[in-house]
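Q: Fold the following.
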Amino acid sequence: MPHYNFRSSFSRISIIVLGLLFTLYSTAVLSLTATSNSSSTFSINKQSTKTQARQGDARALYVMARQYRDGKGVPRDIDKAVLYLTESANQNFPPAQIDLGDMYTSGFGVKQDYKRAFIWFKKAADQDYASAQYNVGNLYRSGKGIKADADQAYLYYEKSAKKGFVKAQFNLALMYLHGLGVSKDLSKVIFWYEQAAEQGFSMAQYYLANMLVGGEGISKDINRALSLYDAASKAGLKEAYDAKISLEATLAKRDPADANSESRLVTDTELALEQ
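A: Below is the predicted model:
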């Protein structure tokens, strides 16, 4: 019978167990270290932002401004937010210029002042920021803070729309529809409605559906119109829901073969100023 060395076996088992325990302990220690490092990194980054802001760094000033504006990580202080935003904007930092323009447009934290809003939006727009170009277009369109100028409104909407800014695409379509700052052009109206509708903009989906129902500048397509009405109504647009119900009721009373025949919904597409 072979001799079994229990002492040797026990020793090997002990080594294995100890090895496993060491591995588990090491993993726990590493986890704790990683957590500790993450916290300290956040603290360092936060402190670094404050330091950079004190040194006049435009991006850091902007970050601090938003923290004070929203009360994130610091007590909410709108005056400090405006101060930091202004310091950042004066260094030609576009996000700060846009936020400051928004505040002057709405009167949030500052006295409402469209002239100042226009100045800040224009500075950011000149640096090719789509949202700022859209806002400049709005102010030219409405004549707030600057003399009304449909031609300039069109130019700024177009710059913004070409960058994919959905509200600018929608307003540009309406400019072509009404001949504001540009000649009327139904093909361009449809093109820009399509661009905005593809991004899920409910008003564009609704107006495009109207044109599909009436065959206005585009081939009639009742099925697609219903799909667009449905999408817009699910986004909360009541007009789209009402149009969908009305169209479905009309179709239910007619011969299916005539589903794409004469049918038109007339709607008033007024150009709304989006802020």
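Q: for Ala53, helix, strand, or coil?
A: Secondary structure, DSSP: H, G, I helix; E, B strand; the rest coil: Ala53 is helix.
Q: I figured it hits Leu85, correct?
A: No - counting by CB atoms under 8 Å, Ala53 does not reach Leu85; the two are 11.6 Å apart. Just so you know, the C-beta spots here come from the backbone N, C-alpha and C atoms, and that holds for glycine as well.
Q: So for the two, which residue has more residues nearby?
A: Leu85 (30 against 21; other CB atoms under 10 Å).
Q: I figured that one hits Met103, correct?
A: Yes - Leu85 is within contact range of Met103, at 7.4 Å (criterion: CB under 8 Å).
Q: re earlier: what residues do Ala53 and Leu85 have in common as contacts?
A: Listed as contacting both Ala53 and Leu85 by CB atoms under 8 Å, 6 or more residues apart in numbering are Leu61.
Q: can you tell me how far the closest residue to Tyr104 other than its chain neighbours sits from Gly145?
A: Setting aside the residues directly before and after it, Tyr104 is nearest to Ala117 in space (CB to CB, 6 or more residues apart in numbering), at 3.8 Å. Separation of Ala117 from Gly145 (CB to CB, to the nearest Å) stands at 6 Å.
Q: Looking at those two, which has the bigger crowd around it?
A: When neighbours are counted by other CB under 10 Å, Ala117 comes out ahead of the other of Ala117 and Gly145, with 27 against 21.
Q: Can I get stretch 204-219 in CSV? Just the C-alpha atoms.
A: Presented in CSV, the C-alpha positions along stretch 204-219 are these (Å, rounded to 0.1, in the frame of the first residue of the first chain):
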residue,chain,number,x,y,z
ALA,A,204,-42.4,69.7,-39.7
GLN,A,205,-44.0,66.2,-39.7
TYR,A,206,-47.4,67.8,-39.4
TYR,A,207,-47.0,70.4,-42.2
LEU,A,208,-45.3,67.8,-44.5
ALA,A,209,-48.2,65.5,-43.9
ASN,A,210,-50.6,68.3,-44.9
MET,A,211,-48.8,68.7,-48.2
LEU,A,212,-48.8,65.0,-48.8
VAL,A,213,-52.6,64.9,-48.3
GLY,A,214,-53.2,67.8,-50.6
GLY,A,215,-50.6,66.9,-53.2
GLU,A,216,-49.2,70.4,-52.8
GLY,A,217,-45.9,70.5,-54.5
ILE,A,218,-45.4,66.8,-53.9
SER,A,219,-47.2,63.6,-55.0
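Q: Tell me which residues of that stretch come out buried.
A: By 16 or more other CB atoms under 10 Å, the buried positions in stretch 204-219 come out as 204-215, 218.
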